[in-house]
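Asker: return a 3D structure for these sequence lines:
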Amino acid sequence: MKPFKTKQEIAELKREFVDGVGKSDVWSVSGLNQLSNEDLIKRLVQIDNQSTLMKWRILWILRQRYDSDTLFGQYIAELRSDPAQTLCLGNQMDIYRAWNAGKFCETYCINDLSEISISQTAIYELSRPANEAVSGDVFNAIRYKKVPVSDVKRMLEQAKAVSTIETQELILEADKIDTWLTDIEPELVDVINYHTENRRMELIQELCNMDSKNINKKQALKEICDIAKSYTHFVPIKMIIKELEKLLP
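Answerer: You can find the predicted model right below:
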């Protein structure tokens, strides 16, 4: 578990955060009365998005400081039991969804939901662990496009279906290869062994009955080619045989 910051460090971070807030047009309260209804709603959405994004990232940072969900859950339970703690954290599922969203935003460098035109609900869908394998591709496809959440869900399901089919095809292909190796290779080996061993014994018997002056290079070359032909399914040997055959009459 990572160590917590001291009270002094936390106070300093709060001060820096507040100072930064004061410099941001989004968080500034000056001039609100002069804004139109449309602009006020837009500002409200921006503030809600940024505050939610900040909550997600903070919870994700906290989650990383614990070795398991159980330990993190115990920490949250302790916070809830503290009568001096007024922070509304939501239920366990809300916190789980929030830190997963924070993890997703960190992974894809999301610092402003309004800027990329993706809703909080869409981020919750993208950040679900069950969607992790395809969420990156879907995110890249919908960013800046204001895609409805229903379409995001559909795209995620379609992407998972395609991914599943591709995985099944790879497994099936691997099974076919394994089957071929299991069923065919022993047969090839048996054939190779049979021809090679029998021809070798025949050759030895013939050579035993011959003296050196009766053995010529062409005969030896032919015997080598005959034995090697049992291995023609190996491309390099097949090429060598072709070259050797050029030397035969």
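Asker: how does the protein divide into domains?
Answerer: The record, using automatic domain parsing to delimit domains, assigns the chain the ranges 7-171, 184-247.
Asker: rank those by pLDDT, which is bottom?
Answerer: Ranked by mean pLDDT, those bottom out at domain 184-247, with a mean of 59.
Asker: show residues contacting stretch 56-74.
Answerer: Residues outside stretch 56-74 that contact it (Cβ atoms under 8 Å, 6 or more residues apart in numbering): 1-2, 4, 75, 92, 95-96, 98-103, 105-106, 123. Where you see a C-beta, it was placed from the backbone N, CA and C, and this is true even at glycine.
Asker: so which of those residues wins on neighbours?
Answerer: Of all these, Ile123 has the most neighbours under the rule other Cβ atoms under 10 Å, reaching 28 neighbours.
Asker: leaving out sequence neighbours, find the closest residue to Val138.
Answerer: Met155 (5.0 Å; Cβ to Cβ, 6 or more residues apart in numbering).
Asker: circling back: please identify which of the contacts of stretch 56-74 is nearest to Gln85.
Answerer: Gln85 has its nearest neighbour among those in Tyr75, at 11.8 Å by Cβ to Cβ.
Asker: tell me which residues touch the closest one, please.
Answerer: Leu62, Tyr66.
Asker: give the buried residues for whichever strand or helix holds it.
Answerer: Following DSSP states H and E, one finds Tyr75 within helix 69-81. Across helix 69-81, burial judged by 16 or more other Cβ atoms under 10 Å covers Phe72, Ile76.
Asker: any idea how far Ile47 lies from Leu113?
Answerer: 11 Å (Cβ to Cβ, to the nearest Å).
Asker: show me which of those two is the more surrounded one.
Answerer: Ranked by neighbour count (other Cβ under 10 Å), Ile47 and Leu113 place Leu113 first, with 21 against 14.
Asker: do I have it right that the more buried one meets Thr121?
Answerer: No. Assessed by Cβ atoms under 8 Å, Leu113 is found out of contact with Thr121, at 10.6 Å.
Asker: hang on, the earlier thing: the residue nearest to Val138: how many residues sit nearby?
Answerer: With other Cβ under 10 Å as criterion, Met155 counts 20.
Asker: the helices in the protein, which residues?
Answerer: With DSSP state H as the criterion, the chain has helices at 7-23, 37-64, 69-81, 92-107, 113-116, 120-126, 132-142, 149-183, 185-208, 217-228, 235-247.
Asker: Glu106: what's it in contact with?
Answerer: Arg57, Trp60.
Asker: does Val45 touch Ser117 like I think?
Answerer: No. With contact defined as Cβ under 8 Å, Val45 does not reach Ser117; the gap is 11.2 Å.
Asker: and the spatially closest residue to Leu32 that is not a sequence neighbour, how far from Asp48?
Answerer: Leaving aside its chain neighbours, Leu32 sits nearest to Leu40 (7.0 Å; criterion: Cβ to Cβ, 6+ apart). Going from Leu40 to Asp48 by Cβ to Cβ gives 12 Å.
Asker: got the phi/psi numbers for the residue lying closest to Tyr144 once chain neighbours are set aside?
Answerer: In space, and not counting its chain neighbours, Tyr144 is closest to Ser117: 5.3 Å by Cβ to Cβ, 6+ apart. As for Ser117, its main-chain torsions (degrees, to the nearest 10) stand at phi 60, psi 40.
Asker: count the neighbours of Ser117 for me.
Answerer: When neighbours are counted by other Cβ under 10 Å, Ser117 comes out with 13.
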